[in-house]
Structures are given as C-alpha cells and as structure tokens.
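A.B. asks: need the 3D shape of this:
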Amino acid sequence: MSETKQISSDRLQQYFDGFSRRFLRNDSKAVADVEVLGMEIGDQFEGEGVRLLGISYEPRTRALEVELESGAVRAYRPKEVWAVEEDDGFIQALEIVRDDDTKEIVRVRRQTIRRAD
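C.D. replies: Take a look at the predicted model:
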C-alpha cells in the first residue's frame, strides 16, 4: 500500500539523498514522467519514460533538482513537496508546488525486463 506524505523543507536534502543512494544506482531501471500543471499554461508534459538519475536538494540555494538522462527539472524555493511512497520507500510520485502555485508532477516507475517467451 502506498503512503502520501509532505516532506518538510528541513528534511528535503536528507530524504532525497537517501532515496537516490538506495534506489538510483548506475544499474537502476527507474524512469520518470514529468508533467507541469498551471492555471496559465494548462497541463503539459516535459518528458515521458526518461531515465531518472537522481533527486537532490541544495539547502543553500533552496533548489530541488530532478536529474533526468535528458536534462534536469529544477524548482527553486518550493513551497511544498509531497511524495507518494511504496511500502519499501520507493517514490512513485512527487508533487512540487512552486511559489506561484504551479505544480510539477514527477511520476516514477521501475522498469522491469520481461522475458520474451
């Protein structure tokens, strides 16, 4: 069963460093879909099925960065950060709320290799 939780700003660095170390090693098969939601821009996809390399937070600049194989998504001074976690702590989705209430949704999924029988 998944759990939704808000990540407080004083825990962002520790939370995402731990997630990246545990789940996003070089052989990781995690991919992400990045969607931006805003009143003025509507619902737009920035990327689908892109390999997720890491998620980090820099407290000095207050920047949250989702590192993708195709580039990075950065949110400076996020107002709120929500995570949906699986039972083992793997993040299924992030919601990053910016100061202007624009939301970025990052859906993360583990790719599995299926046998061709």
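A.B. asks: so which residues of the chain form helices?
C.D. replies: 12-23 (DSSP state H).
A.B. asks: find the least confident helix or strand in it, judged by mean pLDDT.
C.D. replies: Across the helices and strands of the chain, mean confidence by mean pLDDT, DSSP states H and E is lowest for strand 30-38: a mean of 75.
A.B. asks: gap between the two ends of stretch 11-30?
C.D. replies: 23 Å (CA to CA, to the nearest Å).
A.B. asks: and Val50, how far from Ser20?
C.D. replies: Counting by CB to CB, to the nearest Å, the gap between Val50 and Ser20 amounts to 16 Å. Quick note: C-beta positions are derived from backbone N, CA and C, even for glycine.
A.B. asks: and if you look at Glu104?
C.D. replies: With the distance defined as CB to CB, Glu104 ends up 18 Å from Ser20.
A.B. asks: so the two - more neighbours on which side?
C.D. replies: Glu104 (22 against 18; other CB atoms under 10 Å).
A.B. asks: could you give the bridge partners of the nearest residue to the more buried one once chain neighbours are set aside?
C.D. replies: With CB to CB, 6 or more residues apart in numbering as the measure, Ile96 is the residue that lies nearest to Glu104, at 4.5 Å, once sequence neighbours are left out. Residues in a beta bridge with Ile96, per DSSP bridges, are Val81, Glu104.
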